[in-house]
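Chemist: quick one: sequence and predicted model below, then my questions.
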Amino acid sequence: MYPGSRKSSAYDRVSTMFSPDGRLYQVEYASKIVEQGTLGLAVTYNNGVLFAADKNVTSKLLKPTSIEKIFKIDHHIGAISSGLVGDARRLVQLARKEAQENQMYYEEDIQVETLVKQVSGIKQLFTQYAGMRPFGVSFIIGGVDQSGPRLFETEPSGALAEYIGITIGKGKKEAMHFLEKNFKEGLSQDSAISLALKALGKGLGDKGKFDVNRLDFAFIEKGKPFERISSQKLKSILGKK
């Protein structure tokens, strides 16, 4: 047997090889990339889903609008990514295609859970074959369909789970801990925005004091399509905290 790190290195050449203790190292490495991504979160409220994310604008010369953190997949479904942006864009393209094909074939909007399972299935596929690497991205995918507001997380392994509030990226533990303590069922949209702003502040370690220009917020409600929230509204709510 290989001692120390040499033992693990013998099993991390491809994503399809299990180590003796039942681990897929390439998938774990992909999850490490996700943990280094910028912070994002989403919560359900009385009749919709709210998305919130930090763009992490690192230069005054960088245009914040050029950074994609929250994606519109369909009029009733959105997503937040954490990890490799290129991987996220590719999977978002595939998700949009699935949504469009569902509308074309069945003349109805795709169910949120159905779309999430399609994306997760693609991720899982890339852990099964040699010559492929796992997608280095996790998503929060949410939307509103006939069953109401739905919110899911998908991991690089292809695992998925449903939540009423979830965080991803760097600082997720602190933000999630805050959500778990303060989330309440039946929030209004403004209350959900206020909660998300405070949770982002906890996760970013800025004590709630940050420039709203580095933040990206969007929502979907029953009867209302995907819509981004203006910086002016965020500043107004931030001033009331």
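Modeler: Cool, got the structure.
Chemist: where are the low-confidence patches of this structure?
Modeler: For the chain, residues meeting the criterion pLDDT under 70 lie at 1-15, 206-210, 240-241.
Chemist: the strands in it, which residues?
Modeler: Counting by DSSP state E, the chain has strands at residues 40-45, 48-54, 70-74, 77-83, 137-145, 148-154, 160-162, 165-168, 215-221, 224-228.
Chemist: those into CSV, with extra columns for distance to Ser120?
Modeler: Quick note: C-beta positions are derived from backbone N, CA and C, even for glycine. Converted to CSV, those look like this (distance: least, C-beta to C-beta, whole Å):
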stretch, distance to Ser120
strand 40-45, 17
strand 48-54, 18
strand 70-74, 14
strand 77-83, 12
strand 137-145, 9
strand 148-154, 5
strand 160-162, 5
strand 165-168, 14
strand 215-221, 20
strand 224-228, 21
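Chemist: in TSV, list the ones you listed along with distance to Thr127 and mean neighbour count.
Modeler: What follows is those, written out as TSV (distance: least, C-beta to C-beta, whole Å; neighbours: other C-beta atoms under 10 Å):
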stretch	distance to Thr127	mean neighbour count
strand 40-45	23	27
strand 48-54	26	27
strand 70-74	23	22
strand 77-83	15	27
strand 137-145	13	27
strand 148-154	13	21
strand 160-162	14	14
strand 165-168	19	26
strand 215-221	30	22
strand 224-228	30	15
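Chemist: of all these, which lies closest to Gln103?
Modeler: Distance to Gln103, taken as C-beta to C-beta, is lowest for strand 70-74 among those, at 8.1 Å.
Chemist: against which helices or strands is that closest one packed?
Modeler: strand 77-83, helix 85-106, strand 137-145, strand 215-221, strand 224-228 (3 or more C-beta pairs under 8 Å, 6 or more residues apart in numbering; DSSP states H and E).
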